[in-house]
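Chemist: Sharing a model that was predicted from the sequence below.
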Amino acid sequence: MRTEDILVDARGHRCPVPTLRLRRALEQAPAGARVRLLADDPLARIDVPHFAREAGYELAERGEDAGALSFLVVKG
């Protein structure tokens, strides 16, 4: 994670809360911002990519480490 990335830690919350927090962060961020979402709800694997695609954001990266899901979304 780059130091200028915006971090949204939604671990411990069930969908749709992680996606809603991601949306709020992206709405408040300037164009070109990179927002990293951390979530541990398995449904985020489906919800976050769907949200990014529908809202016109780029899902630049996704990963998983010890049960924590990580998504890097770029605001165009």
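Modeler: Thanks, I have the structure now. Numbers count the residues shown, from 1 in each chain.

Chemist: neighbouring contacts of the host helix or strand of Pro49?
Modeler: Using DSSP states H and E, Pro49 sits in helix 44-55. For helix 44-55, the surrounding residues in contact (C-beta atoms under 8 Å, 6 or more residues apart in numbering) are 10, 15-16, 18-19, 22-23, 26, 37, 39, 57-59, 62, 69, 71, 73. Heads up, the C-betas are built off the backbone N, CA and C, glycines and all.

Chemist: helix or strand right after that helix?
Modeler: Following helix 44-55 in sequence, per DSSP H and E, is strand 58-65.

Chemist: Report the angle between that following strand and helix 44-55.
Modeler: Strand 58-65 and helix 44-55 are oriented at 170 degrees to each other (axes from the mean of the first three to the mean of the last three C-alpha atoms, to 10 degrees).

Chemist: so what secondary structure elements neighbour strand 58-65?
Modeler: Under the contact definition 3 or more C-beta pairs under 8 Å, 6 or more residues apart in numbering; DSSP states H and E, strand 58-65 sits against helix 44-55, strand 68-74.

Chemist: Turn the ones you listed into a markdown table, including distance to Ala31 and mean pLDDT.
Modeler: A markdown table is the format used below for the helices and strands packed on strand 58-65 (distance: least, C-beta to C-beta, whole Å; pLDDT from 0 to 100):
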| stretch | distance to Ala31 | mean pLDDT |
| --- | --- | --- |
| helix 44-55 | 14 | 98 |
| strand 68-74 | 10 | 98 |
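
Chemist: For Glu4, which of these is the nearest?
Modeler: Minimum separation from Glu4 across those (C-beta to C-beta) falls at strand 68-74, 12.0 Å.

Chemist: Note down every partner strand of that closest one and its orientation.
Modeler: If you go by DSSP bridges, strand 68-74 pairs up with strand 34-39 (antiparallel), strand 58-65 (antiparallel).

Chemist: Tell me which of the ones you listed sits most buried.
Modeler: Stretch with highest mean neighbour count among these: strand 34-39 (a mean of 22; mean count of other C-beta atoms under 10 Å).

Chemist: ok, residues contacting it?
Modeler: 1-2, 4-11, 13, 18, 21-22, 25-26, 29, 44, 48, 60, 68-75.
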